[in-house]
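*Asks:* Here's my sequence, what's the structure:
(chains A and B)
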Amino acid sequence: MANYDQIRRANSAFMTTLTALCTVLAVGALFIILAHIAWQGIGSLNWQFLIDRPRPVGEGGGIGNAIVGSLLLLLISAAIGLPLGICVGVYLSEIGKGRFGGAVRFIVDTLTGIPSIVTGVFVYAIIVVPSKHFSALAGGVALALIMIPIVARTTEEMLKLVPHSLREGALALGAPQWRVILGVVIPAAAPGIATGAMLAIARISGETAPLLFTAFGSRFFPESLNQPIASLTVQIYNYAISPYDEWHAQAWAATLVLMTLVLGINIIVRFLTRRKF
Amino acid sequence: MVAIVIAMVIALASDAMLSIRQFGFGFLRGQAWNPIKGEFGALPFIYGTVASSLLALLISVPLSLGIAIFLVEQAPHYIARPVGFLVELLAAIPSVVYGLWGIFVLAPFLRQYIQPVLAQVLGWTPFFRGTITGIGLLTGGIILAIMVTPIISAVVRDVLAAVPGSQREAAFALGATKWEMIRVVLVNGAPGIAGAVILGLGRALGETMAVTMVIGNRPQISLSLFDPSYTIASAIANEFTEATGDLYLSSLVELGLILFFVTFIVNGIARILVWNVTRQTGGVGRAA
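*Replies:* Okay, here's the model as predicted:
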């Protein structure tokens, strides 16, 4: 029996060590990837690169227009996606309690998992085809569609954390439900909602697939929202699959810029909230 | 919101109508994808999508389980929180960045060090044959595995945390070792873990950019993991803007429609499984 006991103990020790190794592996992968981006990207990063527009191979060029384009796309999608997403979240938390609310919640959750490329095809069908050209607007709508379910769910979670006594107090003072929601519940949850919004923005700023055939990309600074527009992610993709070493180096540098943005938001949010989502 | 979903289905379906009428269910079985001759069959893409996703799960499920077990059952609080955050950061890295890393770091690494060894040791199976290029199903699967690991492990973490502490105490009281106790917890959370895995599958099926950049993009069905392949999502990403002719475009939209329905169903199943576990025990399910 003593022997069997030893085997059990050894097995336990072995397996628990294995789980620790799994964790080390994942965290190690993160650091390897980040370190490689920093190492490769820092070389071609300079001020000129950040403000210039793309040039033919051999003439340098930069990602200025892509940075402007990405910011514009984020702005459009936030203008559309945030209000809609927050409204859906408020509905889920405050109004839709019944069967229909449950169905909406289920659909919102499932929409989060719809591949972003399918969203791109959808926006292509409803905006790009009727208007007959790619546009920044179409790209913004595609990103907004991805954003809505994420914002809706985090808003709902945040509103649920608001104590019921606050709602009851306001209702007891004679406020109608819309006043309660607008004047009491939403302000109480505002920091949480803002956090969710920032995370959603971080998420969509890395999206490439839905932009390929909506915003399409461009080699110039944007002049109108009705035209194709460049974005960091599509630029990285195009440079990465090109055969030129110079463009590869630029892709790494652009990635460094993108990662600074995305990870920056994630880490800031983490420190601001210090609470688990 | 509901209107968006309905509009999505209608828009995709109406655009895909042309190819649905032309090919019927044969579209799903067709092996040829030759835009010049006007032949469109989805089977190579379906094969590539399923094969790369399953390969990803094969790697990432044990890994994610290990991470979740470590973070929930073993690591002290002051380690579990920052490490958990780091693992979640893996999910924050954009897909195109994984693709870039895949092309320039992972693919050459596999070509030089890993694939020759695999070919030598396991070359007698049909899975590790052919030219070693570094680009192909294996690389796509590994990239996908890295990408879905944070998602699966985050959900499994929630599921394990929702298993009541009394189960653990009971197992210890019966003289179980730590690992035997963990097995009890795993059995308790099994439906939720299944849900997490399916959720990861849904993500892997629809992942586009990273896979497009490393899988080789050749519509063929080959058992070997070294051979290039093609997924539904990458076919759309690559060929959509170049598609000439209504039938070509329509076929690509139909591919999108297939992907939409498959991921919708897969995600739906996953949500139901995860909800049931975390709701029963009063835990809060987290949107992954």
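
*Asks:* which helices and strands does the strand or helix carrying A:T119 pack with?
*Replies:* Of the helices and strands defined by DSSP states H and E, A:T119 is found in helix A:116-123. Contact partners of helix A:116-123 among helices and strands, from 3 or more Cβ pairs under 8 Å, 6 or more residues apart in numbering or on different chains; DSSP states H and E: helix A:136-160, helix B:2-23, helix B:190-206, helix B:232-239, helix B:246-280. Glycine gets a C-beta too; all of them are placed from N, C-alpha and C.

*Asks:* do you know which of those lies nearest B:H77?
*Replies:* Distance to B:H77, taken as Cβ to Cβ, is lowest for helix B:246-280 among the helices and strands packed on helix A:116-123, at 20.7 Å.

*Asks:* and the angle from the closest one to helix B:232-239?
*Replies:* Taking axes from the mean of the first three to the mean of the last three Cα atoms, to 10 degrees, one finds that helix B:246-280 is oriented at 140 degrees with respect to helix B:232-239.

*Asks:* hey, which helix is longest across chain A?
*Replies:* Across chain A, the helix with the greatest residue count (assigned by DSSP state H) is helix A:2-43.

*Asks:* Show me what the helix holding A:T119 is in contact with.
*Replies:* Surrounding helix A:116-123, the residues in contact under the criterion Cβ atoms under 8 Å, 6 or more residues apart in numbering or on different chains are A:138, A:141-142, A:145-146, A:207, A:209-214, B:7-8, B:11-12, B:206, B:208, B:233, B:236-237, B:240, B:252-253, B:256, B:259-260, B:263.

*Asks:* Which among the residues you listed count as buried?
*Replies:* Members of the contacts of helix A:116-123 that pass the buried threshold by neighbour count (16 or more other Cβ atoms under 10 Å in any protein chain shown) are listed as A:138, A:141-142, A:145-146, A:207, A:209-214, B:8, B:11-12, B:206, B:208, B:233, B:236-237, B:240, B:252-253, B:256, B:259-260, B:263.

*Asks:* How about the secondary structure of A:F134?
*Replies:* Reducing the assignment at A:F134 to three states with DSSP: H, G, I helix; E, B strand; the rest coil gives coil.

*Asks:* What's the local residue count around it?
*Replies:* By other Cβ atoms under 10 Å in any protein chain shown, the residues close to A:F134 number 24.

*Asks:* quick one, what contacts the residue lying closest to it once chain neighbours are set aside?
*Replies:* Here the nearest residue to A:F134 in space, its sequence neighbours aside, is A:F216; by Cβ to Cβ, 6 or more residues apart in numbering or on different chains that works out to 3.7 Å. Taking Cβ under 8 Å, 6+ apart as the definition of contact, the neighbours of A:F216 are A:F134, A:G139, A:P228, A:I229, A:V234, B:T241.

*Asks:* Now do the same contact list for the third one.
*Replies:* What it means is A:P228. Remark: with contacts taken as Cβ under 8 Å, 6+ apart, A:P228 is in contact with A:H133, A:F134, A:S135, A:A136, A:A215, A:F216, A:G217, A:S218.

*Asks:* Go ahead and flag the most central residue of chain A.
*Replies:* With distances taken as Cα atoms, centre = their mean, A:R203 lies nearest the centre of chain A, 1.1 Å away.

*Asks:* and the gap between it and A:A197?
*Replies:* Distance of A:R203 to A:A197, given as Cβ to Cβ, to the nearest Å: 11 Å.

*Asks:* Now do the residue lying closest to B:A204 once chain neighbours are set aside against chain A, distance only.
*Replies:* Counting by Cβ to Cβ, 6+ apart, B:S53 is the residue found nearest to B:A204 once chain neighbours are left out, at 3.9 Å. Taking Cβ to the nearest Cβ, to the nearest Å as the measure, B:S53 and chain A are separated by 12 Å.

*Asks:* Tell me, how many residues neighbour B:S53?
*Replies:* Counted with other Cβ under 10 Å, residues neighbouring B:S53 total 26.

*Asks:* just checking, what packs against the helix or strand where it lies?
*Replies:* Element membership of B:S53, judged by DSSP H and E, is helix B:43-69. Helices and strands in packing contact with helix B:43-69 are listed as helix A:2-43, helix B:26-29, helix B:137-162, helix B:178-188, helix B:190-206, helix B:232-239, helix B:246-280; criterion 3+ Cβ pairs under 8 Å, 6+ apart.

*Asks:* Any chance of JSON lines for these, columns distance to B:K37 and mean pLDDT?
*Replies:* As requested, the helices and strands packed on helix B:43-69 are arranged in JSON lines below (distance: least, Cβ to Cβ, whole Å; pLDDT from 0 to 100):
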{"stretch": "helix A:2-43", "distance to B:K37": "42", "mean pLDDT": "89"}
{"stretch": "helix B:26-29", "distance to B:K37": "15", "mean pLDDT": "72"}
{"stretch": "helix B:137-162", "distance to B:K37": "26", "mean pLDDT": "91"}
{"stretch": "helix B:178-188", "distance to B:K37": "52", "mean pLDDT": "90"}
{"stretch": "helix B:190-206", "distance to B:K37": "28", "mean pLDDT": "89"}
{"stretch": "helix B:232-239", "distance to B:K37": "15", "mean pLDDT": "86"}
{"stretch": "helix B:246-280", "distance to B:K37": "11", "mean pLDDT": "82"}
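
*Asks:* tell me the domain boundaries of chain A?
*Replies:* With automatic domain parsing serving as the domain definition, the record reports that chain A contains domains spanning A:2-43, A:48-273.

*Asks:* okay, the ones you listed, which one's buried deepest?
*Replies:* domain A:48-273 (a mean of 20; mean count of other Cβ atoms under 10 Å in any protein chain shown).

*Asks:* Need the pLDDT of the closest residue to chain B within the stretch 51-200 of chain A.
*Replies:* Nearest residue of the stretch 51-200 of chain A to chain B: A:P115, at 2.5 Å (Cβ to the nearest Cβ). Among the per-residue scores, A:P115 shows a pLDDT of 87.

*Asks:* One more: the one 4 residues further on?
*Replies:* The pLDDT attached to A:T119 in the predicted structure is 87.

*Asks:* if I look at it, how far off is A:I146?
*Replies:* With distances defined as Cβ to Cβ, the gap from A:T119 to A:I146 amounts to 6 Å.
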